[in-house]
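> mind folding the following:
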Amino acid sequence: MSAATDNATSEKLLATILTSLNDDKAEDIVQIDLRGKTEIGDYMVICSGRSTRQVASISEKLVQTIKDDFGRVSKIEGKETGDWVLIDTGDVIVHVFRPEVREFYQLEKMWQPMGGPETAAN
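Presented below is the predicted three-dimensional model:
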């Protein structure tokens with residue numbers, strides 16, 4: 001498979017994930033482009049559910065959608081507790097948090113670019 005085909009597949013996968021999360025009322029959805037930054041995947045998606053039950057539900061439905069639409073079995077961790085569920089689809093890593101847990105870990109900040117040129121000059 002060529003790089004262009006791989007990229008198109010991960011773009012379709014990302015679009016499906018974002019649609020599923022929106023349909024299931026996930027909150028504060030953030031998409032991070034990881035291409036060229038790490039080998040763990042092309043994209044990371046971080047979102048929140050309002051409760052442990054919603055976090056688990058969002059995660060279960062997402063894993064099923066990916067299986068139905070792409071024939072992929074995703075790795076899933078943390079669904080039992082419902083505080084922070086990690087879903088590894090291969091090309092896209094998805095984190096579904098309860099808001100308090102998301103605030104504590106602040107995962108988005110790890111992947112934000114370090115200060116711009118104006119910061120480096122100071």
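
> what residues of the longest helix anywhere in the chain count as buried?
The residue-count maximum for a helix in the chain (DSSP state H) belongs to helix 3-23. Along helix 3-23, these residues count as buried under the neighbour rule (16 or more other CB atoms under 10 Å): 9, 10, 13, 14, 16, 17, 18, 20, 21. Quick note: C-beta positions are derived from backbone N, CA and C, even for glycine.

> from the middle of its chain, how far away would stretch 45-59 be?
Stretch 45-59 has its average C-alpha position 11 Å from the chain's average C-alpha position, going by CA atoms, centre = their mean, to the nearest Å.

> list the buried residues in stretch 34-47.
Buried-residue list, stretch 34-47, by 16+ other CB under 10 Å: 34, 41, 42, 43, 44, 45, 46, 47.

> got a list of what the second one touches?
It refers to residue 41. Residues near residue 41 by CB atoms under 8 Å, 6 or more residues apart in numbering: 10, 34, 88, 89, 90, 91, 92, 93.

> tally of neighbours for the third one?
For residue 88, the count of nearby residues is 14 (other CB atoms under 10 Å).
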